[in-house]
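In: Any chance you can model this:
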Amino acid sequence: MFTNPFAELSFISPAVMQGYVVLMILLVAGGTILDMIVKKNAKYFFENSRKAKAQAKRSLSAAEKGTLAAQTLAKEVLTSGEFANPQRRLSHLFTMYGFILFILSTAILIFGYPTSQSAGIFPLLWHLGALMLCFGGYWFWFRIRVDVSAEGNPWYRVVRADIFILSLLAMATSGLIWSIFQSIGLGGLSILFFVLFIAATTALFGTVYWSKFAHMFFKPAAAFQKRVVHAEGSRENLPEIPELTDPAVKQMYPDIPEYMGDKPPYMGLGINREAPSHY
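Out: Sure, this is the predicted structure:
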């Protein structure tokens, strides 16, 4: 089973497959740039950065910024430590690393081994990435997303933000089924699921502007900037969280105890520190 599925596509030349991969890369780049221009995400980001810099109480050295960048890489990027819910975090990690494995191994197989069935370990990584992606993605869609304490949406309610996860799951699922049917000699069904695989892949990379695909590029930069703002002592673009021991707070909220167990101090003050989000 763990053979290069692309090597069996004798009716498609390697140049066509490679051209398709390049086209998908261009669609991602174009969609991300369009998202930045139209939605003005970059402009908003740099304006907030400029305002925070003006309010900074200290300047950070290059070494300090390097440390903050490493912390961002270790927590928000590599381990998704911003997710408080451990199930959501694990689901995200399976999906993220499965996607990376799947995409990288696809590119290696198409550009490095377009006609080789064995292709070393990369066919195994391709299938492993697809399985990890499916595990994490379906866990999110059918378990976490319908959890009232997390997202609170039924699995059958689809909104525009779901384009990314649904096309991602369709790509990985149809790719696996295509590979299975191809390996057992079901030619007609394998062609059907190969067409579905291409359709889902095109939908994933062609809808970057409308989905939350571009979010994965903005998220690390925003997390790093938040760390820098905090380290510089600037006023963050977040509501101020009062101390419950402050006499003024006690006077405003006489019914709130000073100790609230494992709840954060802003619970009960009408402040929503975290807003739910999709992939």
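In: Please, which helix or strand holds residue 129?
Out: Secondary structure from DSSP states H and E places residue 129 in helix 122-139.
In: Can you give me the pLDDT of the most centrally placed residue in the chain?
Out: With distances taken as CA atoms, centre = their mean, residue 216 lies nearest the centre of the chain, 4.9 Å away. We have a pLDDT of 79 for residue 216.
In: which parts of the helix holding residue 129 are buried?
Out: Residues 122-123, 125-139 are the ones in helix 122-139 that count as buried (16 or more other CB atoms under 10 Å). All C-beta atoms are positioned from the backbone trio N, CA, C, and that covers glycine.
In: what does stretch 15-25 give?
Out: Across stretch 15-25, burial judged by 16+ other CB under 10 Å covers 17, 21, 24.
In: Nearest residue to the last one in space, please, no chain neighbours.
Out: Looking back up the chat, that one is residue 24. residue 205 (4.2 Å; CB to CB, 6 or more residues apart in numbering).
In: surely that neighbour meets residue 26?
Out: No: under the criterion of CB atoms under 8 Å, residue 205 is not in contact with residue 26, lying 9.1 Å apart.
In: State the distance from residue 226 to residue 71.
Out: 11 Å (CB to CB, to the nearest Å).
In: Mind checking which of the two has more residues around it?
Out: residue 226 (18 against 14; other CB atoms under 10 Å).
In: Over to the more buried one. Which of the three states is it?
Out: Secondary structure, DSSP: H, G, I helix; E, B strand; the rest coil: residue 226 is helix.
In: same thing with residue 98?
Out: Here residue 98 is helix, with the state taken from three-state DSSP.
In: Please list all residues in contact with it.
Out: 128, 129, 130, 131, 132, 133, 134, 135, 136, 137, 172 (CB atoms under 8 Å, 6 or more residues apart in numbering).
In: Look up how far residue 83 lies from it.
Out: Applying CB to CB, the value for residue 98 to residue 83 is 17 Å.
In: Got the confidence number for residue 222?
Out: 81.
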